[in-house]
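1. What shape does this take:
(chains A and B)
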Amino acid sequence: MSEIALNVNGSSHRLDVDPTTPLLYVLSDDLGLRGPKLGCGLGQCGACTVIVRGRAVRSCVTPVGTVAGAEITTLEGLGTAEKPHPLQQAFIDEQAAQCGFCLNGVILTAKAFLDQKPKATDAELQQGLGSVLCRCFTHVRMLRAIKKYQEKRA
Amino acid sequence: MTTKIPTAVDRRAFLQMSGALVVSFSAASILDAADVVQGPFDTRGSHVDPTQLDSWLAVGADGGVTAYTGKCEFGQGMYTAQIQLVAEELSVPVSRVKLIQCDTSICPDQGTTSGSQSTPTNFNERNLAQAAATAREALLRLASQRLGVPVDRLSASDGVVGVKGDTGKRVSYGELVGGKRFDVTVNAHAPRKAVADWKVMGTPVPRVDMTEMATGTFEFVHNVRVPGMLHGRVVRPASVGAAVASVDEASVRGMPGLVKVVVRKNFVGVVCEKQWQAIQAAAKLKVVWTAGPGLPAQHDFYDHLRKQPARDAAVVDSKDVDQKMTAASSVLKATYLHPYQMHGSMGTSCAVADVQGNKATVWSPTQSAYPTRSGVAAVLGIPPDNVRVIYVRGSGCYGINGADTVSYDAALLSHAVGKPVRIQLSRQDEMAWENYGFAYVIDQRAAVDRSGTIAAWDCESWSPSLGGRPGYDQPGNVVTGMLVGFEPAAPAPRAAGAPRGPLRNGSNAVPSYLAGCIDGSCNGAGTIKSERVVTHTIASPFFTGPLRSPARLQNTFAHECFLDEIAAHVKADPVEYRVRHLSDPRLREVVQAAAKAAKWQPRQSPQRTGSGRGIACVAYEGDNGYVAMVADVDVDQSSGRIRVRKLVVAQDCGPITNPDGMKNQIEGGALQGLSRALGEEVTWDERKVTSIDWRTYHSLPLGFDVPEVESVLINRNGVEASGAGETAITIVAAAVGNAVFDATGARIREVPFTPERIVAALRARS
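-> Numbers count the residues shown, from 1 in each chain, chains lettered A, B, ... in the order given. Below you'll find the model as predicted:
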């Protein structure tokens, strides 16, 4: 165990944890956050995604020690229920969810991708979402929400 | 709206507040007597008496309405839909209705939320809908007494009863019964609100859980945290059928946070203080397993199925099929193959249990709160009344994923340490041991007369089965129950008896084009009177269970593709040929509606242009939703890759509760069906399942070439409301397979339609 400083959604935390612990378990168990989720634990599905230093990162395979001091944003840090982020609002407007378990990975992956590539083509966007899963297959609405957000922010 | 989990203290306050709990511990037989909870699915009843209005609805002092249901939200929109129903019948805004789902301490036992039965069960003249209608009737009666005005001069809106033409006289629901019981029996004849008067039902009310889901504040079962909670992990057998030979506890001794190694027969698990510690301890624990019996080879598994002892059933048999085949101008034959597929939930299954002495509370994502209560009781050896199952939403399940088994896991681990334990399965433990959707072999044979009309249809299928939903008394039907010593249900071999009528066609074993006549009563959707359908159920090496459109999807794939083969053989248009052989007007109408929306031009398939279109349809479960789909595809004939450009879906499920919710289900069903048709297949080696993650089980990602999905909703009033969650998915493989044939002339008879199989079929094309 060792003390690690984490900066999550604008708040600082000092935690005594094994630095090899994947970030996901620290966020969900030690900090009680509901956004990042354990989908596969293998970095294959996207459910655990968080944004670290502006990039979408799979927290289930990211040792917490490697992100000490970095700015980490989870889905609940993007916007709030009272004031959702425009991308979250686009998902709400399009009713783009069924069970909702994958939303964390879909929204944060799209957010980080479009921050990097605001003018991404459909093909590029497709590639950017190439390893994100939604098993309810709400794809049609999710892609529509992401496109609408992209058009609005442009 | 939230589904907050009450803590122990909150819960007591919550029960006191609700004031609605009707407890009658001798009520087990009431269900049958009162015929309140009906439907084809088993329920046992409970201490919550469904004949009493107070078991379903309560009005608070502030006039807010709380409803109690045994049908839960799994992502299909049932939470919002049921709130709409209550809001409509009681004339209150959606925001004033709170819905409590599937908590065995306070909700009626409605069995399992499955089989597209929630709408039929709770939206027609019974159960929740009838309770709401009874509440409205009771409130009007009370208002009549209070105001001294006859009921027919009263009207209700916004939770207030007023007098028509006299704005001065009014009384709120809160003033009438706020915080008190209704003390009336659910009236089977209480009038439902007329569809023409609907203001909330039939409208696209947004999902009430949407904002919380999108902003990461929604509480899934994965987020449930109980004070003093520990974390568990299981160690499943190294191969199918393996038993524990030895467990070396010394192999994990001294690991940080380790609380206990738990072994009970073949159930092995660890409990640690933290989740990551449990994951590491489970990986390190040395368990020696016996070899297990070995598995039948996958490469000839379908042939293997045909040779096994089977439980046979004759679904229909007109006894003249062989004779018609001999006399026919031509006879067509084909065999269709469908693999085991998995639910493969996005999040692995998770539950939290708190077992103290002989009492247990389980926070569970199960579809079957009350049956899981019985299952947990059985694996712990305590009475069901000592168990409370609180439903908390998990990841979308599409049938029986790991939700039930992980509830048993949590209970066993908590029982062993005497403290609350949370467990979330590993991806491999979820995928290698879940109850798979059935594999199928289906032989088709049809006789065609000189006019090109089908004269006889003969269908014979083989399908493996083991376990399934545990129900109230078979915990061995899922892996954890079996590991602690309960037997899974397996089909006992038996010869087929005579068909028993009238036909229900709940598994769509009978093609829609058959008349379905048994003892002179014809309940099929079609015109073909010379008919035979025989099924063989074989013991499966793997657990099986309902997966969205169980058996219906596999049967319909074979039926709808074979119908297309016959149409092509006689050079008939696939739409016209379907309509010609259908007698059910609702099924005919969706076929015509899909064709019209897709601007279908009469055609003979195959056109062989590399682009093609196909159609398929089904009367889901015989009469629980009608759907047709037109698929437009491009086939790259060198790589064998299929690109689906567009799916047009026409659907009639009776009166529509929420048109946007229905579209969402159609779109999701269409694309999930596409993923299953194009890539999903469970694989195994000599001893174990090898589909254990998203590299070895292929789900189409968000970034695939997503087709346009167009939904045509037929809103039909004057009939019962039926299910809409499993309709579209049932016909995707057939519609796409038929389109591939149209595009290339190659008939694909095996799911999934991998590029290798397409290339092989293109080569084999005559």
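2. For chain B, give me the ranges with low pLDDT.
-> B:1-43, B:766 (pLDDT under 70).
3. Can you report phi and psi for residue B:582?
-> For residue B:582, the backbone dihedrals are phi -100, psi 140 (criterion: degrees, to the nearest 10).
4. Then residue A:17?
-> Dihedral angles for residue A:17 - degrees, to the nearest 10 - are phi -140, psi 160.
5. just residue B:311 next, same as before
-> phi -90, psi 110.
6. now residue B:200
-> The phi/psi pair for residue B:200 (degrees, to the nearest 10) reads phi -110, psi -50.
7. Looks like it contacts residue B:94 (just checking).
-> Yes: contact status for residue B:200 versus residue B:94: in contact at 6.2 Å, counting by C-beta atoms under 8 Å. Placement of C-beta: from N, CA and C, glycine included.
8. the more surrounded of those two?
-> residue B:200 (21 against 17; other C-beta atoms under 10 Å in any protein chain shown).
9. How is chain B partitioned into domains?
-> Following automatic domain parsing, one finds the domains of chain B at B:8-207, B:221-291+B:343-433, B:303-340+B:438-764.
10. Please render those as JSON lines that adds distance to residue A:50 to the earlier fields.
-> Formatted as JSON lines, the domains of chain B follow (distance: least, C-beta to C-beta, whole Å):
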{"stretch": "domain B:8-207", "distance to residue A:50": "23"}
{"stretch": "domain B:221-291+B:343-433", "distance to residue A:50": "16"}
{"stretch": "domain B:303-340+B:438-764", "distance to residue A:50": "18"}
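11. for these, which one sits closest to residue A:87?
-> Minimum separation from residue A:87 across the domains of chain B (C-beta to C-beta) falls at domain B:303-340+B:438-764, 14.3 Å.
12. Can you confirm whether that closest one lies near chain A?
-> Yes: counting by C-beta under 8 Å from any C-beta of the partner chain, contacts between domain B:303-340+B:438-764 and chain A involve B:660, B:664-665, B:667-672, B:674-675, B:693-695, B:699-706, B:708-709.
13. returning to that earlier point: now do the shared contacts for residue B:200 and residue B:94.
-> Taking C-beta atoms under 8 Å, 6 or more residues apart in numbering or on different chains as the contact rule, residue B:200 and residue B:94 both touch B:84, B:87.
14. for residue B:173, what are its contacts?
-> With the criterion set at C-beta under 8 Å, 6+ apart, residue B:173 makes contact with B:59, B:63, B:65, B:90, B:92, B:139, B:159, B:160, B:161.
15. Tell me the secondary structure of the spatially closest residue to the second one that is not a sequence neighbour, please.
-> Counting by C-beta to C-beta, 6 or more residues apart in numbering or on different chains, residue B:174 is the residue found nearest to residue B:63 once chain neighbours are left out, at 3.5 Å. Per DSSP: H, G, I helix; E, B strand; the rest coil, the secondary structure class of residue B:174 is helix.
16. pretty sure residue B:174 is touching residue B:65, no?
-> No: using C-beta under 8 Å, residue B:174 is not in contact with residue B:65, being 10.1 Å away.
17. Of those two, which one has the most company?
-> Between residue B:174 and residue B:65, counted using other C-beta under 10 Å, the more crowded position is residue B:65 (23 against 16).
18. for the more buried one, phi and psi?
-> Dihedral angles (degrees, to the nearest 10) for residue B:65: phi -110, psi 130.
19. right, and it touches residue B:82 too?
-> No: under the criterion of C-beta under 8 Å, residue B:65 is not in contact with residue B:82, lying 11.7 Å apart.
20. need the strands for chain A, in chain order.
-> A:2-8, A:11-17, A:49-52, A:55-58, A:71-73 (DSSP state E).
21. got the contact list for residue 97?
-> Just going to use chain A. By C-beta under 8 Å, 6+ apart, the contact list for residue A:97 reads A:91, A:103, A:136, A:138, A:141, A:142, B:75, B:207, B:210, B:213, B:214.
22. oops, I was thinking of chain B
-> Neighbouring residues of residue B:97 by C-beta under 8 Å, 6+ apart: B:64, B:65, B:66, B:67, B:83, B:86, B:87, B:90.
23. Just give the nearest non-adjacent residue to the second one, would you?
-> Read it as residue B:65. Spatial nearest neighbour of residue B:65, excluding adjacent residues (C-beta to C-beta, 6+ apart): residue B:97 at 4.9 Å.
24. quick one, phi psi at the closest residue to residue B:185 other than its chain neighbours?
-> Nearest residue to residue B:185, sequence neighbours excluded (C-beta to C-beta, 6+ apart): residue B:51, at 5.6 Å. When read as degrees, to the nearest 10, the backbone of residue B:51 gives phi -80, psi -10.
25. In ChimeraX, how would I select just the buried ones from the residues of domain B:303-340+B:438-764 next to chain A?
-> Buried members of the residues of domain B:303-340+B:438-764 next to chain A can be picked out in ChimeraX with the line below, counting by 16 or more other C-beta atoms under 10 Å in any protein chain shown:
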select /B:660,664,665,667,668,669,670,671,672,674,675,693,694,699,700,701,702,703,704,706,709
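26. re the thing from before, residue B:145 is nearest to which of the strands of chain A?
-> Between the strands of chain A, strand A:11-17 lies closest to residue B:145; by C-beta to C-beta that is 57.2 Å.
27. Residue B:708 reaches residue B:646, doesn't it?
-> Yes: assessed by C-beta under 8 Å, residue B:708 is found in contact with residue B:646 at 4.6 Å.
28. re the thing from before, next, count neighbours for the residue nearest to residue B:185.
-> Counted with other C-beta under 10 Å, residues neighbouring residue B:51 total 21.
29. I'd say it and residue B:186 touch.
-> Yes: between residue B:51 and residue B:186 there is a contact under C-beta under 8 Å: 5.8 Å.
30. All the helices of chain A, residue numbers only.
-> Using DSSP state H, the helices found in chain A span residues A:23-25, A:75-78, A:86-94, A:103-116, A:122-128, A:139-153.
31. Now do the second one: which elements does it pack against?
-> In terms of contacts (3 or more C-beta pairs under 8 Å, 6 or more residues apart in numbering or on different chains; DSSP states H and E), helix A:75-78 is packed against helix A:86-94, helix A:103-116.
32. which residues are in contact with the first one?
-> What it means is helix A:86-94. Contacts for helix A:86-94 (C-beta under 8 Å, 6+ apart): A:75, A:78-79, A:84, A:96-97, A:103, A:107, A:110-111, A:114, A:141-142, A:144-146, A:148-149, A:152-153, B:206, B:210-211, B:214-215.
33. Just the buried ones from the residues you listed, in PyMOL syntax?
-> Applying 16+ other C-beta under 10 Å to the contacts of helix A:86-94, the buried members can be selected in PyMOL as follows:
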select buried, (chain A and resi 75+78+79+84+96+97+103+107+110+111+114+141+142+144+145+146+148+149) or (chain B and resi 210+211+214+215)
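34. ok, the residue nearest to residue B:185 to residue A:151 distance?
-> 55 Å (C-beta to C-beta, to the nearest Å).
35. quick one: pLDDT of the residue lying farthest from the centre of chain A?
-> Distance from the C-alpha centroid of chain A peaks at residue A:1, with 26.7 Å (C-alpha atoms, centre = their mean). pLDDT, residue A:1: 73.
36. That one: what's its closest spatial neighbour, skipping adjacent residues?
-> Sequence neighbours aside, residue A:16 is the residue nearest to residue A:1 in space, at 5.3 Å (criterion: C-beta to C-beta, 6+ apart).
37. Likewise for residue A:58?
-> In space, and not counting its chain neighbours, residue A:58 is closest to residue A:43: 4.2 Å by C-beta to C-beta, 6+ apart.
38. how about that neighbour, what does it touch?
-> Residues near residue A:43 by C-beta under 8 Å, 6+ apart: A:58, A:60, A:61.
39. Nearest to chain B among these?
-> The closest of the contacts of residue A:43 to chain B turns out to be residue A:60 (C-beta to the nearest C-beta; 9.8 Å).
40. Tally up the residues packed near that closest one, please.
-> Using other C-beta under 10 Å, residue A:60 is surrounded by 24 other residues.
41. And for the one 10 residues further on?
-> Applying other C-beta under 10 Å, we find 15 residues neighbouring residue A:70.
42. Report pLDDT for it.
-> 97.
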